[in-house]
Each structure stands twice: as structure tokens, then as C-alpha cells.
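The sequence and its predicted three-dimensional model are supplied below.
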Amino acid sequence: MFETITARELAEMQDAGRTDYTLIDTRPEDSFEAWHIEGAVNMPFGPTDTLSDEQRTEIESWADGGEIVTICGKGATSTTLAAELDASGWEDVSVVKGGMRDWNALYETARLDTGDDDLVVVQFQRRAKGCLSYLVGSKRAGEALVVDPTRHTDQYITTAAEEGLTISRVADTHVHADHISGGHELAARLGVPYHLGEHATDRDVEYDFEPLADGERVSVGEVDIEVLAAPGHTTEMVVYRVGDEAVLTGDALFLDSVGRTELEFGEDDAEEGARMQYETLHGTLMDLPDDLTVLPGHVTVDNDGTYENASPGELVGAPLSEVRDGLDLVGLDEEAFVERMVGDLPEKPDNYETIIDVNRGKESVEGTDATELETGANNCAA
């Protein structure tokens, strides 16, 4: 009889560097090519399919006598394949419960080492999509700010409690286009202020929020957080400087790129956003102290599930000086920068227009609808 494992157990197998199993993804080829787990192979398999001799031979060549793990969108067709394999005599077969849906809700955490014994900075990493969010707190005051939370809000409350902190504010850096924000929901659940940059008022955000202006400061205990306007990826984008330790850059600056500019502006007006992005890069971000740690809103996760610049569970962050030296966009003059930003645009995030409307409070989704909307890589970098 085949077994069932969780997405977390599969992640632990991957992180342990195990090579003695074969992960077979039974989703259609286009779904697999758009987004899959590192090391998986694809064998499309329907709910009523049976194993052909050709498929048996192919699986034998992949597995070479080792363990087989099957996965699909929600656990249905992967279970069908596992049952077929079991009936055909394979003895070591497992199904990932909940499939890619559960993989999409899997998180790791990492901590920023700081020189401030009062400061706590925890980074939450959404493993499948590369979305990054943060808990910034004061140990002495027992207070914390959450920045860019995703819709899986329980983890922020739980982690804060484990750190001896109470969440007193929630903030987004911008109206996200690749995933559903949990910011407004988390703030409403806790009865605390929810913040966006002041120019979010121009984007017809229907949620109640307290706007933050360029140069404004908020605090948790004695931890000082400065708000800096950073338009480009979106008009209302802000970044949050945490004292002399870090800057939470959202989608204004990644470790290997900057945020694309046409998701809000449209392709016809992407140049306008690109010029804003250039000014933000050179007039704001690159003027910050070199030793500030850049903590971005995303890490690049390729379609094959591999991380760039980090591994799951490792802090995604680097000194600003290191990011500057490694980012060729910094060395371009304005016209060359704009040309790079508006030319040869990458594929847009799946369902981004609907996700933007959800994050502005104009549409509502629940449960599996949210999972379907968020399927795929983040694709917010230029």
C-alpha cells in the first residue's frame, strides 16, 4: 500500500540532499513547465488513466529501484498514479498530501543578526513563490511590526508570540501583483493600524488604511522605522529603513534586480514608471549607508523551483554595498536604464490584474480560489 507524506516532509527530504527518490508530477505539461518543484519529472496522468507499458518502462528508468513520490495540483491524480504503481508491484511509493496547493503554503523563517540586542527581525519565506515578509520587533517593549504579510496570517501571530512580542502595526510596501496580501486581514483581526504609502489613496484602495508619508517615522518600542517613498514598481511603493541595521525594500530593490514597472502603468506607460524607478534607485536607495542589509520583498524562484541568491531557510539579504556592486542596472545612465526596463519584458505574474483588484479591496476570494489565483512564480522583477 502506498503512503502519504506532507509537503513539509517533502521539503525536509529535499533539504537533506536526498537523491534516493524520484518525484513525479502528474499535472499537465503546461502547468509543470510554468512552475514545479526542483528535481521533479513530469508524467501527465488523468484521474481515470491506467499505466501503459511505455509509462512503466519510463518510470523504471527514472526510479532505478528507488522510492517514488507523486505530486499533482491537489493530490487527486497523483493518488491515482500511486495506486497504479502499487497495483503494479512498486513497494516504496508515497503521495504528497494536498499536492502543489500545500507546497504553495509552505514557509521557512530566517533571522537577521544585528548589533542591536533589542531588535528582532524575522524573515518569512514562502518557499514556492519566493515571497518574503518580515516581523520587526523590540524585545524590551514587546511590540512588533509586520511588513508585507501573505494571506497565511496565523504564522505571524504564532511567531510573534514565540518571540514574546505583540503585533502593534501591520504594513505593506505596496499593492502587490503576484500574491494576495494578508496585511488588511491581519490588522483587522488584531485591531491594529494597517499602513500603506500615502499615494495608495490614488490607486482607489477600498480598504481602510493609515497612509505613511515620505520621511515619516513609526516605532515599535525604541526601534525606529523610517518610511521612504520609492515609486517605480508602483506609484505608492515605500521602503522601511530599520534604524542602522536594515532596509525592507519590497519590490523596489531585489538582490539581483529591481521591480518591473508595467504591472501598474501598463506597457504603454511603462517608461514613466521606469524613470521613477531610476530616480528611486539613485536618489533614494543608493544614497543609504553601505552597510545596511537589503531585505527584499522577493527572492527569485525559477520555474524549476530553484532559488537564486539563497537556499530555503537561509536569510535572503545582503549589504547594500554588495547589492550595488552586483547590480549592473546601477551603472546605466537614465536612458539606457529606461530602455532596459521597458524592453524585452518578462512574462507577467499569473492573474496579476485580479490579484491587484483583490489587494485593493475591489474583489474578494476565499479558499481554493485564492490558491488558484496565486499559482506560479512571482515574476515581479525586471
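Happy to help now that I have it. Everything numeric here is computed off the predicted structure, so don't read it as measured data.

Can you give me the domain assignment for this structure?
Following automatic domain parsing, one gets these domains for the chain: 3-103, 107-373.

how far is the shortest one from where the chain is centred?
A distance of 24 Å separates the C-alpha centroid of domain 3-103 from that of its chain, computed with Cα atoms, centre = their mean, to the nearest Å.

tell me how far the ends of it are from each other?
Length of domain 3-103, first residue to last, Cα to Cα, to the nearest Å: 18 Å.

May I have the residues that are in contact with the residue nearest to Glu210 when sequence neighbours are not counted?
Once flanking residues are discounted, Glu210 sits nearest to Pro193: 4.8 Å by Cβ to Cβ, 6 or more residues apart in numbering. All C-beta atoms are positioned from the backbone trio N, CA, C, and that covers glycine. Neighbour list for Pro193: 169-170, 187, 210 [criterion: Cβ atoms under 8 Å, 6 or more residues apart in numbering].

Distance check, Pro193 against Glu222.
Using Cβ to Cβ, to the nearest Å, Pro193 is found at 19 Å from Glu222.

ranges for the strands of the stretch 151-300 of the chain?
Using DSSP state E, counting those that start in this stretch, the strands of the stretch 151-300 of the chain run over 166-171, 194-197, 210-212, 217-220, 223-229, 238-242, 246-250, 293-296.

Please identify the deepest-packed of the ones you listed.
Stretch with highest mean neighbour count among those: strand 246-250 (a mean of 28; mean count of other Cβ atoms under 10 Å).

Name every strand pairing with it and say which way it goes.
For strand 246-250, the pairing partners within the sheet under DSSP bridges are strand 238-242 (antiparallel), strand 293-296 (parallel).

can you dump the C-alpha coordinates of the shortest one into CSV?
Spelled out, it's strand 293-296. As requested, the backbone C-alpha atoms of strand 293-296 are provided in CSV (Å, rounded to 0.1, in the frame of the first residue of the first chain):
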residue,chain,number,x,y,z
THR,A,293,21.2,45.0,5.0
VAL,A,294,18.9,44.9,2.0
LEU,A,295,15.9,42.7,2.8
PRO,A,296,13.8,42.5,-0.3
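
what is the rounded mean pLDDT of it?
The pLDDT scores in strand 293-296 average 98.

Name the next helix or strand downstream of that strand, please.
Later in the chain than strand 293-296, the nearest helix or strand by DSSP states H and E is strand 318-319.

Paired strands for that next one, with orientation please.
strand 293-296 (antiparallel).

mind giving me CSV with the strands of the stretch 151-300 of the chain and columns for distance to Gly99?
CSV is the format used below for the strands of the stretch 151-300 of the chain (distance: least, Cβ to Cβ, whole Å):
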stretch, distance to Gly99
strand 166-171, 30
strand 194-197, 32
strand 210-212, 39
strand 217-220, 38
strand 223-229, 39
strand 238-242, 35
strand 246-250, 30
strand 293-296, 28
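
Can you tell me which of those strands is nearest to Pro47?
Among these, the nearest to Pro47 by Cβ to Cβ is strand 293-296 (40.0 Å).

and the residue positioned nearest the centre of the chain, what is it in contact with?
In the chain, the C-alpha nearest the mean C-alpha coordinate belongs to Cys131, at 1.1 Å (Cα atoms, centre = their mean). Neighbouring residues of Cys131 by Cβ under 8 Å, 6+ apart: 125, 148, 150, 178-179, 297-298, 378.

switch the cut-off to 6 Å
Neighbour list for Cys131: 150, 179 [criterion: Cβ atoms under 6 Å, 6 or more residues apart in numbering].

Kindly report the same for Gly164.
Gly142.

could you redo the last one with a cut-off of 10 Å?
120, 137, 139, 142, 144 (Cβ atoms under 10 Å, 6 or more residues apart in numbering).

How far away from the center of its chain is stretch 350-370?
For stretch 350-370 - counting by Cα atoms, centre = their mean - the centre lies 16 Å from the chain centre.

can you give me the end-to-end distance of that stretch?
End-to-end distance of stretch 350-370 (Cα to Cα): 12 Å.

List the buried residues of that stretch.
Neighbour counts over stretch 350-370 (16 or more other Cβ atoms under 10 Å) mark 350-352, 354-360, 365, 370 as buried.

same check, this time on stretch 118-137
Under 16+ other Cβ under 10 Å, the buried positions of stretch 118-137 are 119-137.

Identify the residues contacting the residue nearest to Thr114 when sequence neighbours are not counted.
Of all residues not flanking Thr114 in the chain, Glu245 sits nearest, at 4.7 Å (Cβ to Cβ, 6+ apart). Glu245 makes contact with 112-116, 119, 121, 136, 223, 291-293, 295, according to Cβ under 10 Å, 6+ apart.
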